[in-house]
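Asker: return a 3D structure for these sequence lines:
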Amino acid sequence: MGGLMDHEYFVISYQRKKRDHHVFCLSIHMTGPPDLNLVLTEMSSPLVNKLMACAKAVAVGNLKLADVLYEEMEGLTAEETSEVTKKVVSYFAEALARRVHGVYPRNPFPLLPSSIVNTQRSLRYFEFIPATIDYLAAAYFSGKQPVHFIDFSIMLGSREYDSLLRKFLPNRVFRLTNIGPNPCKDNNHIQERQRKLTELARQLNIDFQLKQLEASIPADIEECVLKLESTSEDEIVIVRWEFELHKLLAIEGAIERVLSKLKELKSKFMLINEQEADHNSPDFFDRFALSFQYYSRVFNHFNCVSGETEREEILERHWRRQISNVVACKGIDRVERHQTFDQWKERLRGAGFRPFQNASRLFKTICKFPMFYPFHGHPLFFASLWEPIDPTEFSRGVGISYPITIEDASVSSVIEPEEVCSSDSEDDSAYDNSKTLGIFWNQKKWSAEEVREYLVSSLTERESRRINRWMSRRLTGNSAGRDKKLSVCDTSLASLLRIPPSNTPIWEAKQYYVDDSVINAYFELLRKRWMEIPNLYMKNYSLPTWIMSFLLSGKWTESKVLSYLNIEEIAGTSKLFIPVCLENHWILICVDIESRALLWLDSLNSHHDKKGVISRWIIEHLMPKLGYDNAQEWQFLEPVDLPRQTNGVDCGIFVMKYADCLALGDHFPFTQQDIPLFRHHIFLDIYRGKLRPQIYSKNFRA
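Answerer: Numbers count the residues shown, from 1 in each chain. Take a look at the predicted model:
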């Protein structure tokens, strides 16, 4: 079979032609054995650095510099020792050239002859879930109700559905609707699949109906879904998304409309398989760097796994097309808009879905969701199981479960202290502020010296031991900490233990970011601290991080946001914290009710066009609900003496410490140099479910 074989790679030469037009030429070379170098090693190679510089030049429109860098890349290819790096660099270089010329593959999957599809055992991206969709259906639906299985996936062979049909009782109605791209050059395999499945259903005495709807672009997917209808009141609807859901992000509002329709059909559960990647950033270079890191891991993984050469060749061609789409395409044509599980869980929660509640009962130790497929500790894909939630439950908020890695599927969902190390069960009474401090203070605002003394208090010997143990242990992806209500995944906490270098490359920055779960947990601790000792701290309350995201994206209206909030809890608050992530950057908004002011705290002092939207919502919608009808007269302040970050990764840490300082008074006596210590402080605070004990100067003691 022609095309790219397992042991080939492409080198791109990028040459100047007449009238400043640019073309790219491909040359094929044979590779050696699979290269197993880790991605971090690859990311530091001269060839990769040159590729990143070329991407930067393309991003700013400097095509003359891109010409020069392409030529230099070709010279560096011979010196590169990693064959995987050569291959991945060549695909990204090709994608850059396609971006310049606006030429890219139109089909989402490499077109194949029907004979290939019919003879291949499977062309799925990965096969790691212990229980497939047929097991799900058989385990949960053993009665005689009609079943409608809506499968969003590439239109492949019939073997998987053979197994599914055999799980059902005779005389049962089973409808199968397959919506997805056709990977074949003809439709022969579709007729052949329909013939085989219909014949099997006849033998099993099952009332079988098959509908196959071709949907190669996001608009097709949405159109097909909106036309779906239920045939009976008691019909059980099962939905599976096989690496297709992310494509709907290319059309504004499409994913919300589709999920709303699936809820309307009363789907029982929805299985979502997606790539664990972040390829939807509006910033081209950011997207380029993150996607290079991800696909380097993907190709390293597939080089490690021996299997069917033909299948691997097809998958590699598919990855190559994905890279072209992520890098080269713009607007609605860019359909490969992958997002991480953490991003998906917020999106699905906003659409009215929650993790499937009966998954643990259904599978016991066989299968737990969500699941990740890892490579060298980095997840490549994930599978998660969801169900629609009742609107009344959604308005109160529901918990989100957190991922476990495939190799640790039998591990308990919560890491107890003794599971980490037996000495972690030492008495923590010294950290119980309510016992040691009492209520002897009447002063609420601390001096700058007192705040500084508290902020930079050094770790105790026991705290240092705990940090060292965590830095050396293997992460499981389970919830960690002593306060189970906080539910912070240990992989999220791990970012706090990593101290970023002063000049962190953008493609390595993600490992140092703190996510929503960490931010939300820390703000909950601030409120918990005030509740324990109300005379010592400013009364504070914080909104969940996703509140503003939903408002700014248009997912929720102003009235819907207000209906979620517990106005009675907020009433009487001195300082209301609103952490917001804008364009991958955390900022803090503080409604200082006592001082009648809105504070905008940004560690980068950057410009954001959302300031007006957020402040208008606070003034016109939130404050009147709290009884402040004259909030339009309040001051809007951007403190000029704020500590500022000097790198691109610590914004979340600054936001948490801004709030910590505001809960003590109005001083911010720290700098970027204190952030490494703050990372460890915050880790320990969240782990033990209590903010660290305060150290007071003599004039502040009772």
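Asker: and Trp546, how many neighbours?
Answerer: 20 (other C-beta atoms under 10 Å). Bear in mind the C-beta positions are built from the backbone N, C-alpha and C, glycine included.
Asker: repeat that for the one 3 residues further on.
Answerer: Residue crowding around Ser549 was assessed by other C-beta under 10 Å; the count is 18.
Asker: same question, Glu569
Answerer: 10.
Asker: sec struct for it, please.
Answerer: helix (DSSP: H, G, I helix; E, B strand; the rest coil).
Asker: also Asp660?
Answerer: Applying three-state DSSP: Asp660 is helix.
Asker: residues in contact with it?
Answerer: Leu455, Leu526, Leu691 (C-beta atoms under 8 Å, 6 or more residues apart in numbering).
Asker: swap in Glu79?
Answerer: So Glu79 contacts Pro46, Leu47 (C-beta under 8 Å, 6+ apart).
Asker: on that earlier part again, what is the nearest of the contacts of Asp660 to Ser502?
Answerer: Leu455 (20.9 Å; C-beta to C-beta).
Asker: surely Leu164 meets Asp151?
Answerer: No. Judged on C-beta atoms under 8 Å, Leu164 makes no contact with Asp151 at a distance of 9.6 Å.
Asker: thinking again about what came up before, so which of the contacts of Asp660 are in helices?
Answerer: Leu455, Leu526 (DSSP state H).
Asker: quick one: the strands in the stretch 551-700 of the chain?
Answerer: 575-582, 585-592, 597-601, 635-637 (DSSP state E, counting those that start in this stretch).
Asker: ah, wrong one, I meant the stretch 151-300 of the chain
Answerer: 173-180, 207-214, 236-242, 267-275.
Asker: and those strands as CSV, adding mean neighbour count, mean pLDDT and distance to Val68?
Answerer: Shown next, in CSV, are those (neighbours: other C-beta atoms under 10 Å; pLDDT from 0 to 100; distance: least, C-beta to C-beta, whole Å):
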stretch, mean neighbour count, mean pLDDT, distance to Val68
strand 173-180, 21, 89, 43
strand 207-214, 16, 88, 44
strand 236-242, 21, 90, 43
strand 267-275, 22, 89, 34
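Asker: now those strands as CSV including distance to Gln322?
Answerer: Conversion of those to CSV gives the following (distance: least, C-beta to C-beta, whole Å):
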stretch, distance to Gln322
strand 173-180, 15
strand 207-214, 20
strand 236-242, 15
strand 267-275, 9
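Asker: now for those, which one comes closest to Pro669?
Answerer: Nearest of the strands of the stretch 151-300 of the chain (C-beta to C-beta): strand 267-275, 43.7 Å.
Asker: okay, now the unreliable bits of the protein?
Answerer: Applying pLDDT under 70 to the chain flags residues 1-44, 106-143, 156-160, 185-186, 304-311, 358-369, 375-376, 390-445, 693-702.
Asker: and the longest strand for it?
Answerer: In terms of residue count, the longest strand belonging to the chain (DSSP state E) is strand 378-388.
Asker: quick one: that one to strand 236-242, angle?
Answerer: 160 degrees (axes from the mean of the first three to the mean of the last three C-alpha atoms, to 10 degrees).
Asker: paired strands for strand 378-388, with orientation please.
Answerer: strand 267-275 (antiparallel), strand 353-355 (antiparallel), strand 371-375 (antiparallel) (DSSP bridges).
Asker: send me the first one as CSV with only the CA atoms.
Answerer: Yep, that's strand 267-275 we're talking about. What follows is strand 267-275, C-alpha atoms only, in CSV (Å, rounded to 0.1, in the frame of the first residue of the first chain):
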residue,chain,number,x,y,z
SER,A,267,-30.2,10.1,27.1
LYS,A,268,-29.4,7.8,30.0
PHE,A,269,-25.7,8.2,29.8
MET,A,270,-23.0,9.6,27.4
LEU,A,271,-19.6,8.1,26.9
ILE,A,272,-17.0,10.6,25.8
ASN,A,273,-13.6,9.6,24.4
GLU,A,274,-11.3,12.5,23.7
GLN,A,275,-7.7,13.5,23.4
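Asker: show me the contact partners of it.
Answerer: Here strand 267-275 makes contact (C-beta under 8 Å, 6+ apart) with 125, 129, 133, 136, 140-141, 150, 236-243, 245-246, 262, 294, 338-339, 341, 344, 348, 353, 356, 380-388.
Asker: thought Gln357 was touching Glu387, still the case?
Answerer: Yes. Counting by C-beta under 8 Å, Glu387 touches Gln357, with 6.7 Å between them.
Asker: touching, Glu336 and Val327? I think so.
Answerer: No. Counting by C-beta under 8 Å, Val327 is not a contact partner of Glu336; they are 9.5 Å apart.
Asker: more neighbours, those two?
Answerer: Val327 (27 against 23).
Asker: OK, contacts around that one?
Answerer: Val327 touches Phe92, Ala95, Leu96, Arg98, Arg99, Arg287, Phe288, Ser291, counting by C-beta under 8 Å, 6+ apart.
Asker: now the fourth one: how far from Ile619?
Answerer: It stands for Arg98. 47 Å (C-beta to C-beta, to the nearest Å).
Asker: what is the burial count for Glu461?
Answerer: Glu461, neighbours per other C-beta under 10 Å, totals 7.
Asker: would you mark the buried spots in stretch 347-360?
Answerer: By 16 or more other C-beta atoms under 10 Å, the buried positions in stretch 347-360 come out as Arg347, Leu348, Arg349, Gly350, Ala351, Gly352, Phe353, Arg354, Pro355, Phe356, Ala359.
Asker: now, which of these lie within helices?
Answerer: Short answer: the buried residues of stretch 347-360 in helices (DSSP H) are Arg347, Leu348, Arg349, Gly350, Ala359.
Asker: ok, the fourth one touching Lys560?
Answerer: No. Counting by C-beta under 8 Å, no contact exists between Gly350 and Lys560, whose distance comes to 10.1 Å.
Asker: quick one, helices of the stretch 151-300 of the chain?
Answerer: In the stretch 151-300 of the chain, the helices defined using DSSP state H, counting those that start in this stretch lie at 159-165, 188-203, 218-226, 254-264, 284-304.
Asker: closest one to Ile578 among these?
Answerer: Of all the helices of the stretch 151-300 of the chain, helix 254-264 comes closest under C-beta to C-beta, at 23.4 Å.
Asker: now the closest one against helix 218-226, angle please.
Answerer: 20 degrees.
Asker: element containing the closest residue to Pro669 other than its chain neighbours, please.
Answerer: Nearest residue to Pro669, sequence neighbours excluded (C-beta to C-beta, 6 or more residues apart in numbering): Arg452, at 3.9 Å. Element membership for Arg452, per DSSP states H and E: helix 448-455.
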